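>>> Dropping the sequence and predicted coords here.
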Protein chains: 2
Amino acid sequence: MADVAERAGVSTSTVSRTLRGLSTVSPEVRARVEKAAREIDFAVSRQAASLVTGRTGTVAVMVPTLNSWFTGSALSSLAPLLRAAGLQLNVYEIPDLTERTAFFETLPARRNADALLVFSFDLTEEETARLDDLGMPVIYVSQHVDGRPSVYVDDVAGALHGTRHLLNLGHRRIAFVPTEGASGFTFSSNERLLGYQQALTEAGVPLDDDLVVSTRTGSKRAAAEALGTLLSLREPPTAIFAEQDEVAVALVWNLRRTRIAVPEQISVLGFDDQPLADWFDLSTVAQSPSRMGRLAGELALKLIDDAGGAGEAGGSGGTGGTGDAGGSGGDAERHIVLPTHVIPRGTTAPAPEPADQAPGESA
Amino acid sequence: MADVAERAGVSTSTVSRTLRGLSTVSPEVRARVEKAAREIDFAVSRQAASLVTGRTGTVAVMVPTLNSWFTGSALSSLAPLLRAAGLQLNVYEIPDLTERTAFFETLPARRNADALLVFSFDLTEEETARLDDLGMPVIYVSQHVDGRPSVYVDDVAGALHGTRHLLNLGHRRIAFVPTEGASGFTFSSNERLLGYQQALTEAGVPLDDDLVVSTRTGSKRAAAEALGTLLSLREPPTAIFAEQDEVAVALVWNLRRTRIAVPEQISVLGFDDQPLADWFDLSTVAQSPSRMGRLAGELALKLIDDAGGAGEAGGSGGTGGTGDAGGSGGDAERHIVLPTHVIPRGTTAPAPEPADQAPGESA
DNA sequence: CTGAAAGCGCTAACAA
DNA sequence: TTGTTAGCGCTTTCAG
């Protein structure tokens, strides 16, 4: 920067002011400085700048994996937004429990970011508490934590509507197949199960634990096992609601291989609406991670702004504890709930006529 | 850090030494310092540290999108590697030409990373030159640039082998369907086309431009158009080699919808071997982005180390120009070529018997 | 509108 | 083995 200053015949202060776009610089000086800066390819060191401003110009995100439709879409819409705001994107991928423990021990984001976006982890209270005094806004994405800013999809409602769709098609024996998470990626499982149960209850269909069989994701074999369990029940389901599209597709794949017609004999419904669903003409409950990413980014920007402007009001406790004290905006602005949509495609159809009625029952 | 020092009753230098794990600290003092640090949840500010060390502790990656199997897999294997080395991962997503121009104008990574990984962009010479004097090692991933460190897959050989597979099955009319890139994501297209042509030539099959029809990715409609062009040729192909699995799958999808049997009537071969290929039982040429990511990361680590140890030898010109002067390791270590593998699955089969022989020809 | 000076939090000589 | 000192490159008062 000193080089630029010398080259332009001004002080470093002026260079700094120019490069930050402050209006208190005369046009001619500004031009000279900009020219000089361009000539020597000068770029401000964020490191040095942040040392004095206290802001890092970086947003950190913590994701369970970078290799999934969900995080891919979300980050893909988040990144341009941050770039437009002049912020860098720092990614912490926490694929397993080891990394997770290490992360929460070190908290490497501390002092190295202006905000943290936590994706899809089912955190313990201690972990949440740990994040509370990280000294920066923490936004929970695809999950909600009481009193903390969150952006998430209404999983309960999604599963409720999905199940209702199956009920409306005449299905009564409806199975639900949740996914066993690898490293705490299971947050929405519970919620979706809840919605499923809620729909059955409101329709007067009794819950049956035998109809809830969990599986692993990304494995045809595991899906086959779950399917086997369901198909060998005394009274097998006529419809299966999978918690994730990938599992739903695996189910369809296995069913068809067994020459069980989908949807004629068994309906299958997914959740997510990722591209795979379209390829397989899978009926599903859609959510929009890209929208989630964008909204989370906007919320982060806002919170960073608040923190900067308000002069760190509220003490080190941050957003935890007392609820929505301090800061602008009520709870509604800090708790963004996204809708879901049932997308009927080719894997759901009216329930087949009950062929084998129990003997003795009247027609 | 001053707080920790006071709490432990030592100087900040000692705290610094302790926290960096230098061995010149007595065990008892070390224990005291670590305890104090833990008590107040102290974490070193990389910003301040890098100001004096000159290293940022960050690796930047430039990707066209975060929302693809390729980048997802690659980054997913890169990230843990960097974390293990104590480095942060900074992502620049450059989805379109506007962002691209902006990126090369600002070069925001300058002074804000210790190395840059450039993914899958088909860069101009000017752009490459611009990166040359970025002042940090630049590693090209999934592409190769003369004289610069690169990690890439042998696309020519991959396409060559893929095409040979089709030739060996008896196909002579083999189409190639490249993908029009959105923002310079087309680097491997040319190489793959080359391999395809090479295989035909060595088999004595004349090249036919009509058999090369490009399409867009991720669109069933676009694939249908390309397919239409091929199927309305005077002499349509009996096999189609798509440059990407996604396109291959779209072709299969459209063919089957038209009741053209795959592979009985037309064989389809993809390139990538992403999960989608397995779902569709697609024959394909496999590459491993995760391996690419890992190797690129290791190379980056090595180059960062070299740069640090060698004391910036070689001047500001960096790696460009004179070739592999300076630094340890020859060109082989800086030019990593990964193999491909033909994975025969259910969409390739022997060419059908020519049903409609030209009249007058003998049997 | 511009410049001089102080200092952000840390590390790297150099002394002790 | 530890402490003292200087300074990394920038922003920010405070004067002018």
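Everything's here; your move.

>>> Please count neighbours and contacts with C-alpha atoms only from this point.
Noted.

>>> Poorly predicted segments of the stretch 251-363 of chain A, please.
A:308-332, A:355-363 (pLDDT under 70).

>>> do that again at 80, thanks
For the stretch 251-363 of chain A, residues meeting the criterion pLDDT under 80 lie at A:307-333, A:354-363.

>>> what residues does it put near chain B?
residue A:276 (CA under 8 Å from any CA of the partner chain).

>>> got the residue ranges for the strands in the stretch 51-200 of chain A?
A:58-63, A:88-93, A:115-119, A:138-141, A:150-153, A:174-177 (DSSP state E, counting those that start in this stretch).

>>> Columns mean pLDDT and distance to chain B on top of these, output as JSON lines?
Shown next, in JSON lines, are those (pLDDT from 0 to 100; distance: least, CA to the nearest CA, whole Å):
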{"stretch": "strand A:58-63", "mean pLDDT": "96", "distance to chain B": "9"}
{"stretch": "strand A:88-93", "mean pLDDT": "96", "distance to chain B": "5"}
{"stretch": "strand A:115-119", "mean pLDDT": "96", "distance to chain B": "14"}
{"stretch": "strand A:138-141", "mean pLDDT": "96", "distance to chain B": "17"}
{"stretch": "strand A:150-153", "mean pLDDT": "95", "distance to chain B": "19"}
{"stretch": "strand A:174-177", "mean pLDDT": "98", "distance to chain B": "20"}
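
>>> what does chain A have sitting close to DNA strand C?
Proximity of chain A to DNA strand C (CA under 7 Å from any atom of the strand) is limited to residues A:9-14, A:23-26, A:28-30, A:48, A:51-52.

>>> Apply 10 Å and report the result again.
A:5-6, A:8-18, A:22-30, A:32-33, A:47-54, A:111 (CA under 10 Å from any atom of the strand).

>>> can you tell me which of the residues you listed are in helices?
A:5-6, A:8, A:12-18, A:27-30, A:32-33, A:47-53 (DSSP state H).

>>> In contact with residue A:190, which residues are there?
If you count contacts by CA atoms under 8 Å, 6 or more residues apart in numbering or on different chains, residue A:190 has none.

>>> What of residue A:257?
Residue A:257 makes no contacts at all, as judged by CA under 8 Å, 6+ apart.

>>> Kindly report the same for the one 4 residues further on.
Contacts for residue A:261 were tallied using CA under 8 Å, 6+ apart; they are residue A:255.

>>> Quickly list what residue A:285 is bridged to.
residue A:271, residue A:342 (DSSP bridges).

>>> just how off-centre is the longest helix along chain A within its chain?
Ordering each helix of chain A by length in residues (DSSP H) puts helix A:289-309 first. Computed by CA atoms, centre = their mean, to the nearest Å, the separation of helix A:289-309 from the middle of its chain amounts to 14 Å.

>>> And stretch A:210-230, by the same measure?
How far stretch A:210-230 lies from its chain's middle: 24 Å, per CA atoms, centre = their mean.

>>> What separates the first and last residues of it, distance-wise?
8 Å (CA to CA, to the nearest Å).

>>> Can you pull up the most central residue in chain A?
What sits nearest the mean C-alpha location of chain A, by CA atoms, centre = their mean, is residue A:142, with 3.5 Å.

>>> check contacts around that residue.
Counting by CA under 8 Å, 6+ apart, residue A:142 has contacts A:119-120, A:150-153, A:292.

>>> Got a quick PyMOL command for the buried subset of the residues of chain A next to DNA strand C?
To isolate the buried ones among the residues of chain A next to DNA strand C in PyMOL, judged by 16 or more other CA atoms under 10 Å in any protein chain shown, type:
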select buried, chain A and resi 5+8+12+14+15+16+18+29+30+32+33+47+48+49+51+111
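
>>> restrict the residues of chain A next to DNA strand C to those near chain B?
Answer for the residues of chain A next to DNA strand C near chain B (CA under 8 Å from any CA): A:47-48, A:50-51, A:111.

>>> Nearest to residue A:170 among those?
residue A:111 (56.3 Å; CA to CA).

>>> Surely residue A:281 and residue A:343 touch.
No. Contact criterion CA atoms under 8 Å: residue A:281 and residue A:343 do not qualify, at 10.1 Å.

>>> And these two? Which one has more around it.
A direct count of neighbours by other CA atoms under 10 Å in any protein chain shown for residue A:281 and residue A:343 places residue A:343 higher, at 19 against 15.
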